[in-house]
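Undergrad: Next comes the sequence, and after it the predicted model I'd like to discuss.
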Amino acid sequence: MFKNTVSFIIIFFLIYDMNLVFLPSVTTGRIAALYLLLTNFQSLKLLVAEYKNFLLGMILILFISLIQSIFSQDSTQFSRFFYFILYALICPVLITYRIKNFRKISWFFLIAISIQSLILIFVFFNPRFKSVLEAYIIYGGNFGVDNLYRSFGLSSSTGAALSLIQGLGSGIGFYILSSDKFRWNWLALFLTVLCFLSTLFVGRTGLLISIIFLSVYLMASFKFVNLFRYILIIGLVSYFSFGELLESKLNSINGFSTEFFFTWISDGLDIQDNKTIDALLNQQSLPELTLQTLVIGTGTITENGLNTSGHDSGFVQTYYSLGLLFTFFFYFSLILFLKENFKSLNKKLIYLLIFLMLLLEIKEPFLFKYSEGFILLSLLFSLKYDKYLNFN
């Protein structure tokens, strides 16, 4: 029981990497990662033995970014790759070998994200608690606690990054509901709907991802005998997301505009006239391809707090900093790593995850916000070794 409790806390700390006011230089994710390294260090032999080529490739990229940072005096890209290796590669292997049970680890992730969902929903409808949280947690993002249309929780991440985590929670829930290894149960349904609902109050990225996961779930597992289940899921999501109950609760928030809120959501889901897509394609120009940006890059991500590439896309920021050749090497290596090591589990699932990863990276450098990589790789490692090694 104690080990399970500690494992759950580790997962929550790594997913929601909190930067605390009274301990600004040490985040909860770093504490959890250090604890995993100290208590499960021997498990790293799996990473070295089975994935040494990919690991060496990432270490090469890390070394190059270190050299660049010395000349550019901007260590942002080096820091990104260092924590990517730690949070999205090392920690997933360690947590997999610590828990050694895919069913348990998937439920830990779903419950952790569901707890955050409850907090996000509560804080959204009780905005005064944002100030309480801000007294203890340092928040990122480009908006403050006075914004009525975005919720805050037990995480330093806000906006799109936090909503993506909540959207991945929906995906985990739908996987549990569709898997033959798990019994159909009301708890999984409730937690999945809860994660889905929370994306409404954080950011549209997670809402879009949740809708994609819901669509895939319905298409992949559709059976007439389960028609009641599908109607129930869609009904619950629709009612709590857009029903009169939600509208009445929103109207109870002082200074809140329901019309603006629903317009903001619909604009994010509008494919033909999407402001985010328009900004990425038309308003943010691509940095010029020169010999420097082709081969070695500029080595910079930020300067005086400003984005040196002038673009939000993770691909563009990495290309401008690392150079086009090494950027291609990084993303191609990651895709190949996922495809070759996990396609035996479920080829369609892996291709879906790769597609979503690339789609999200077009919008922002989500891979370097680490939670996405930690969640997906932890589940994939656990599913793989639960299936083939049996951990016994």
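TA: All right, it came through fine.
Undergrad: Low-confidence ranges, the chain, go.
TA: Scanning the chain for pLDDT under 70 picks out 180-184, 222-247, 268-285, 387-392.
Undergrad: Try it again at 50.
TA: 391-392 (pLDDT under 50).
Undergrad: Can you tell me the centre-most residue of it?
TA: Per CA atoms, centre = their mean, the C-alpha nearest to the average position across the chain is that of Glu372, at 3.0 Å.
Undergrad: and it, what element?
TA: helix 371-388 (DSSP states H and E).
Undergrad: mind listing what's buried in that helix?
TA: For helix 371-388, a neighbour-count test (16 or more other CB atoms under 10 Å) marks 371-386 as buried. C-beta here means a position set from N, CA and C on the backbone, and glycine is covered the same way.
Undergrad: This protein: strands as residue ranges?
TA: Using DSSP state E, the strands of the chain run over residues 19-20, 137-138, 302-303, 306-307.
Undergrad: Packing partners of the longest helix along the chain?
TA: In the chain, taking DSSP state H as the definition, the longest helix is helix 102-125. If you count contacts as 3 or more CB pairs under 8 Å, 6 or more residues apart in numbering; DSSP states H and E, helix 102-125 packs onto helix 2-15, helix 91-99, helix 128-134, helix 159-178, helix 186-198, helix 371-388.
Undergrad: Show me what the first one is packed up against.
TA: If you count contacts as 3+ CB pairs under 8 Å, 6+ apart, helix 2-15 packs onto helix 28-39, helix 91-99, helix 102-125, helix 371-388.
Undergrad: Would you mind finding the most buried of these?
TA: helix 91-99 (a mean of 24; mean count of other CB atoms under 10 Å).
Undergrad: what's that helix in contact with?
TA: 3, 7, 10-11, 14, 32-33, 36-37, 39-40, 43-44, 46-47, 105, 108, 373-374, 377-378, 380-382, 385, 391 (CB atoms under 8 Å, 6 or more residues apart in numbering).
Undergrad: try 7 Å
TA: Contact partners of helix 91-99, identified using CB atoms under 7 Å, 6 or more residues apart in numbering, comprise 7, 10-11, 14, 33, 36-37, 40, 43-44, 46-47, 105, 374, 377-378, 381-382, 385.
Undergrad: what's the answer for stretch 358-376, then?
TA: Under CB under 7 Å, 6+ apart, the answer for stretch 358-376 is 14-15, 80, 83-84, 87-88, 91-92, 109, 157, 160-161, 164-165, 168, 205, 276, 280, 312-315, 317, 353.
Undergrad: Could you do stretch 2-18 as well?
TA: Outside stretch 2-18, the residues that touch it by CB under 7 Å, 6+ apart are 27-29, 31-33, 35-36, 87, 91, 95, 98-99, 108-109, 112-113, 116, 137, 154-156, 165, 371, 374-375.
Undergrad: CA atoms only: put that stretch into PDB for me.
TA: The C-alpha coordinates for stretch 2-18 follow below in PDB (Å, rounded to 0.1, in the frame of the first residue of the first chain):
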ATOM      1  CA  PHE A   2       2.800   2.400   0.900                       C
ATOM      2  CA  LYS A   3       4.700   1.700  -2.300                       C
ATOM      3  CA  ASN A   4       1.500   2.300  -4.400                       C
ATOM      4  CA  THR A   5       0.800   5.500  -2.600                       C
ATOM      5  CA  VAL A   6       4.400   6.800  -3.200                       C
ATOM      6  CA  SER A   7       4.200   5.700  -6.900                       C
ATOM      7  CA  PHE A   8       0.900   7.600  -7.300                       C
ATOM      8  CA  ILE A   9       2.400  10.700  -5.800                       C
ATOM      9  CA  ILE A  10       5.500  10.400  -8.100                       C
ATOM     10  CA  ILE A  11       3.200  10.100 -11.100                       C
ATOM     11  CA  PHE A  12       1.200  13.200 -10.100                       C
ATOM     12  CA  PHE A  13       4.300  15.200  -9.400                       C
ATOM     13  CA  LEU A  14       5.800  14.300 -12.800                       C
ATOM     14  CA  ILE A  15       2.600  15.000 -14.700                       C
ATOM     15  CA  TYR A  16       1.900  18.300 -13.000                       C
ATOM     16  CA  ASP A  17       5.400  19.700 -12.400                       C
ATOM     17  CA  MET A  18       4.700  22.300  -9.800                       C
END
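Undergrad: ok now that stretch, how far from the chain's centre?
TA: Centroid displacement of stretch 2-18 relative to its chain, using CA atoms, centre = their mean, to the nearest Å, is 16 Å.
Undergrad: Roughly how far does Ser69 sit from Glu288?
TA: 22 Å (CB to CB, to the nearest Å).
Undergrad: Looking at those two now, which is surrounded by more residues?
TA: Neighbours per residue, other CB atoms under 10 Å: of Ser69 and Glu288, the larger number sits with Ser69, 19 against 8.
Undergrad: Would you agree that one is in contact with Gly299?
TA: Yes - taking CB atoms under 7 Å as the definition, Ser69 is a contact partner of Gly299 at 6.1 Å.
Undergrad: residues shared between the contacts of these two?
TA: What both Ser69 and Gly299 touch, as defined by CB under 7 Å, 6+ apart, is the set Gln77.
Undergrad: tell me the contacts of Leu47?
TA: When contacts are counted by CB under 7 Å, 6+ apart, Leu47 touches 55, 89-90, 93.
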